[in-house]
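>>> Return a 3D structure for these sequence lines:
(2 chains)
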Amino acid sequence: MSVDIDTVKRVAHLARIKVTDTEAGEMTGQLNTILAFVEQLDEVDVSGVEPMTSVVKQEMKKRADVVNDGGYPQDVVANAPMSEDNFFMVPKVVE
Amino acid sequence: MTELTKLTLTEARDGLAARDFSASDLTNAYLGEIAAGNQALNAYVAITEDKAREMAAASDARLAKGEGGALEGIPLGIKDLFATEGVHTQACSHILDGFKPRYESTVTANLWADGAVMLGKLNMDEFAMGSSNETSYYGNVVNPWKRDGSDEALVPGGSSGGSAAAVSGALCLGATATDTGGSIRQPAALTGTVGMKPTYGRCSRWGTVAFASSLDQAGPITRTVRDNAVMLRSMASVDPKDTTSIDAPVPDYEAAVGKSVRGLRIGIPKEYRVDGMPDEINALWQQGIDWLKDAGAEIVEISLPHTKYALPAYYIVAPAEASSNLARYDGVRYGLRVDGDDIADMYEKTRAAGFGTEVKRRVMVGTYVLSAGYYDAYYLKAQKVRTLIKRDFDLSFEAGVDAILTPATPDAAFAPGAITDPVAMYLNDIFTVTVNMAGLPGLAVPAGLNRDGLPLGLQLIGRPFGEETLYSLGSVIEQAAGRFTPKRWWA
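Okay, here's the model as predicted:
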């Protein structure tokens, strides 16, 4: 499978990365090289094989359904590029 | 170099306990080495001098009372991937500019609880994506090793290039590192240091910047096998904050160092004899086999038929998980923000400016393979291949193999810029990546020098939670091969 420049631009938008036409052109070649490399997997017969979901068998740990953390909004927003009254500030989303 | 910085971690530990010198003396000696060498090596991206002195003074107070933990007063370097409270934590990416977490990673918290001293944060490939430490926003790390008679700078490997260079160049006694496809073992091999990637789930991932969550695992890089065993014991824990942390007690790894390996069965996988591998690597591998045989181990040929598919499967699984993990860097909660016309434009401009080329490439691959209609063909298929890779190992272990011996890397350190094709760079991890795919422990041990005088390493792969066996075998190789220290050309 290979990608064209329009697919690359679409994927870049899905990934929320702005790309110029030149960058998209360069990425098209690189992505196709990588996709050609991973295509080796087509040689492998995986019929009847379960996908691996964990490397070590262990029962999923559960904790009690109680509030055990929180109460420090100032720490949560401490690293925000922009915040006010312990809220994250972003450009207007709803008109 | 002062006499103090020539000591190994365990020698320094014993010297501190015997009050031969103080923790402050030791930390000051290392701060001196960093001041002298870091400009040339670029191993540290942040030096926490004041904090180091405070921690060392606190260690001296505890040592004076006859108290102190397993790493009391031992100065360590911390890979920039670990969250350290109030201290530079950026995964060496532009997008995390100015990020100073309000919390501490479990691994580093464990080290401080055992008395270790933080010297600073270590350089690495951006978000741990790279095999040569050329993708860091903070510039290349320079390998303390150079070819005989040459002044050309070489890469230290990656992604834990700063960790490996700092340990090799005596800019710390040991360093934390992380390994997603070989990022502990490959740089350890390229710098003549010892690197352990533990079993998946042995060290908590809590507070470690995520790259590919089903593969990421923290471990130590040190100068000796014994040092490594001591440091891993402190890093490892059972952590309720990480659901993949395994509920198994942490053993005394140091007790395994120097233990007899007589009767252990060592598998030699024929699939690791790849085309075009330098004769020196083959010779080194044979030397390793002979050393283990001389120590009483039994050598058996094994087959791991799906080995060649590990790297292509990795380059689906790792980018897919990375594209998901890195979605959080959007200019809202931390780090860099580049203003845009609206919120989507702000996201896109921030991520375009904040991520480097290799990170963008992997996020793009990951987004593509997870996009509608392609999930089954790529990600699901790769996870099935992963099951087959793991089964290969399981069958060998069920047949009585205790550990597997392979080369650690296909060649020695290379010059920056020497490998420009992304896939060619990925091939550097050909011997290490299978281990992550199967979640097994892997130990890289220096085993010799090539014709240019550069270090080469061997890799030991263990059963799940077989770290102790690896330390026993690793110390046999270390005893036979000796230790390797670079010539001090800097400062």
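>>> In stretch B:382-402, which of the residues would be classed as buried?
B:382-393, B:396-397, B:401-402 (16 or more other Cβ atoms under 10 Å in any protein chain shown). All C-beta atoms are positioned from the backbone trio N, CA, C, and that covers glycine.
>>> er, stretch B:47-60 actually
B:47, B:48, B:51, B:52, B:53, B:55, B:56, B:58, B:59, B:60.
>>> just stretch B:139-156 next, same as before
Under the neighbour-count criterion of 16+ other Cβ under 10 Å, stretch B:139-156 has B:140, B:141, B:142, B:143, B:144, B:145, B:146, B:147, B:153, B:154, B:155, B:156 buried.
>>> got it, and stretch B:465-481?
Buried residues in stretch B:465-481, counting neighbours by 16+ other Cβ under 10 Å, are found at B:465-478, B:480-481.
>>> Tell me which residues touch the residue in chain B that chain A sits nearest to, please.
Distance from chain A to each residue of chain B (Cβ to the nearest Cβ) is smallest for residue B:439, at 2.6 Å. Shown in contact with residue B:439 (Cβ atoms under 8 Å, 6 or more residues apart in numbering or on different chains): A:55, A:56, B:199, B:200, B:201, B:390, B:464.
>>> farthest pair in these?
B:201 and B:390 (14.2 Å; Cβ to Cβ).
>>> Counting neighbours, what do you get for the residue nearest to the residue of chain B closest to chain A when sequence neighbours are not counted?
Distance criterion Cβ to Cβ, 6 or more residues apart in numbering or on different chains; nearest residue to residue B:439, sequence neighbours excluded, is residue A:55 at 2.6 Å. When neighbours are counted by other Cβ atoms under 10 Å in any protein chain shown, residue A:55 registers 22.
>>> if I read this right, residue A:55 contacts residue B:438, doesn't it?
Yes: the criterion here is Cβ atoms under 8 Å, and residue A:55 meets it with residue B:438 at 6.7 Å.
>>> For chain A, which segments count as strands?
Secondary structure of chain A (DSSP state E): strands located at A:83-84, A:87-88.
>>> Would you reformat those strands as JSON lines and include mean neighbour count, distance to chain B and mean pLDDT?
JSON lines is the format used below for these (neighbours: other Cβ atoms under 10 Å in any protein chain shown; distance: least, Cβ to the nearest Cβ, whole Å; pLDDT from 0 to 100):
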{"stretch": "strand A:83-84", "mean neighbour count": "13", "distance to chain B": "9", "mean pLDDT": "96"}
{"stretch": "strand A:87-88", "mean neighbour count": "12", "distance to chain B": "5", "mean pLDDT": "96"}
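>>> Out of the ones you listed, which is closest to residue A:4?
Here strand A:87-88 is closest among the strands of chain A (Cβ to Cβ), at 37.3 Å.
>>> what are the pairing partners of that closest one, and which direction each?
Looking at strand A:87-88 with DSSP bridges, its partner strands are strand A:83-84 (antiparallel).
>>> ok, the residue with the largest distance to the centre of chain B to residue B:53 distance?
In chain B, the residue that sits farthest from the middle, by Cα atoms, centre = their mean, is residue B:341; the gap is 41.2 Å. Separation of residue B:341 from residue B:53 (Cβ to Cβ, to the nearest Å) stands at 49 Å.
>>> how many other residues sit next to residue B:98?
11.
>>> distance of it from residue B:216?
Counting by Cβ to Cβ, the gap from residue B:98 to residue B:216 is 24 Å.
>>> cool, and residue B:267?
In this view, residue B:267 and residue B:216 are 26 Å apart by Cβ to Cβ.
>>> Among those two, which residue is more densely surrounded?
Higher neighbour count among residue B:267 and residue B:216: residue B:216, with 26 against 23, using other Cβ under 10 Å.
>>> Contacts (any at all) between chain B and the lengthiest helix in chain A?
In chain A, assigned by DSSP state H, the helix with the most residues is helix A:21-38. Yes: interface with chain B: helix A:21-38 contributes A:27, A:30, A:31, A:33, A:34, A:35, A:37, A:38 (Cβ under 8 Å from any Cβ of the partner chain).
>>> Which entries within those residues meet the buried criterion?
Using 16+ other Cβ under 10 Å, the buried ones in the residues of helix A:21-38 next to chain B are A:27, A:30, A:31, A:34, A:35, A:37, A:38.
>>> quick one: which of the residues you listed is nearest to residue B:35?
residue A:30 (40.2 Å).
>>> for that closest one, what are its contacts?
B:361, B:422.
>>> Report pLDDT for it.
According to the prediction, residue A:30 has pLDDT 93.
>>> so residue B:239 touches residue B:204, yeah?
Yes: with contact defined as Cβ under 8 Å, residue B:239 counts as touching residue B:204 (3.6 Å).
>>> what about the two, which has more around it?
residue B:204 (25 against 22).
>>> secondary structure class for the more buried one?
Of the three states, residue B:204 takes coil under DSSP: H, G, I helix; E, B strand; the rest coil.
>>> Residue B:109 is in contact with that one, correct?
No: in this structure, residue B:204 is not within contact of residue B:109 by Cβ under 8 Å, at 9.2 Å.
>>> shaky segments in chain A?
Applying pLDDT under 70 to chain A flags residues A:1.
>>> so which residue of it comes closest to chain B?
As assessed by Cβ to the nearest Cβ, chain B sits closest to residue A:55 within chain A, at 2.6 Å.
>>> got the contact list for residue B:277?
B:407, B:410, B:411.
>>> No more questions from me, cheers.
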